[in-house]
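Q: what's the 3D shape of this:
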Amino acid sequence: MQSLLRLSRALNAAVEKLLMAIGAAICVILFAQVVFRYAGASLGWSEEVSRHLLVAITFLGGTVAYKRASFIGLQGIGHSLGPAFQRSVVLALQLLTLACFVLIAWFGAAYTIKAAEHTSSSLQIPMSIPYSVIPISAIVFIVHVLADMTATREQQPR
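A: Model prediction:
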């Protein structure tokens, strides 16, 4: 059980570092695009790369927001009915969240495989490369939810 919690923390730390790198890359690419456009030569690939990186920030940033519990929570449901009931409500919500992310991972993987047939307009790379962030981030979400479920189950009702 502790290994799942450690994996969740390690994944979150890695994703946070990756988000910083992606954010810096977007800044550098867009700055270079402005400079080159001002000089009379445009970087045709810069907008596409920035768009794909922004989508990656959105999905991966969601995993960090979940891990930091930055989303609006429903943990107050059942608070007046006692800790055992509240814990069961939290576990039910975590199960629903887990099911949602499993579906996103499944359909995201299927869509990523299907997108391999198409190429991006300026980079000419398979579209499965930028789309792969969907199942990857869903798997990170799944690890975080499983770690949270483990922590919730191990809590002693007061």
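
Q: C-alpha only now, for contacts and for neighbours.
A: Will do.

Q: Enumerate every residue touching the most centrally placed residue in the chain.
A: Closest to where the C-alpha atoms of the chain average out (Cα atoms, centre = their mean) is L60, at 3.0 Å. For L60, the contact set (Cα atoms under 8 Å, 6 or more residues apart in numbering) comprises V15, L19, V133, S137.

Q: Looking at those residues, which is nearest A56?
A: Closest approach between the contacts of L60 and A56, by Cα to Cα: V133, at 6.0 Å.

Q: Once you drop chain neighbours, what's closest to that closest one?
A: Nearest non-adjacent residue to V133, counting by Cα to Cα, 6 or more residues apart in numbering: A56, 6.0 Å away.

Q: Spell out which helix or strand contains that neighbour, please.
A: In this assignment (DSSP states H and E), A56 forms part of helix 46-67.

Q: follow-up on the earlier one: out of the contacts of L60, the closest to A105 would be?
A: Of the contacts of L60, the one sitting nearest to A105 (Cα to Cα) turns out to be S137, at 8.0 Å.

Q: Let's verify that closest one: helix, strand, or coil?
A: Here S137 is recorded as helix under DSSP: H, G, I helix; E, B strand; the rest coil.

Q: how many neighbours does it have?
A: By the criterion of other Cα atoms under 10 Å, S137 has 24 neighbours.

Q: From L7, how far off is the closest residue to it other than its chain neighbours?
A: Closest residue to S137 apart from its sequence neighbours, by Cα to Cα, 6+ apart: L60 at 5.6 Å. From L60 over to L7 the distance is 16 Å, taken as Cα to Cα, to the nearest Å.

Q: what about the strands in the chain?
A: Using DSSP state E, no strands are found in the chain.

Q: The longest helix along it packs against which elements?
A: For the chain, the helix with the greatest residue count under DSSP state H is helix 2-39. Contact analysis of helix 2-39 by 3 or more Cα pairs under 8 Å, 6 or more residues apart in numbering; DSSP states H and E lists helix 46-67, helix 133-154 as its packing neighbours.

Q: looking at the ones you listed, which is buried most?
A: helix 133-154 (a mean of 20; mean count of other Cα atoms under 10 Å).
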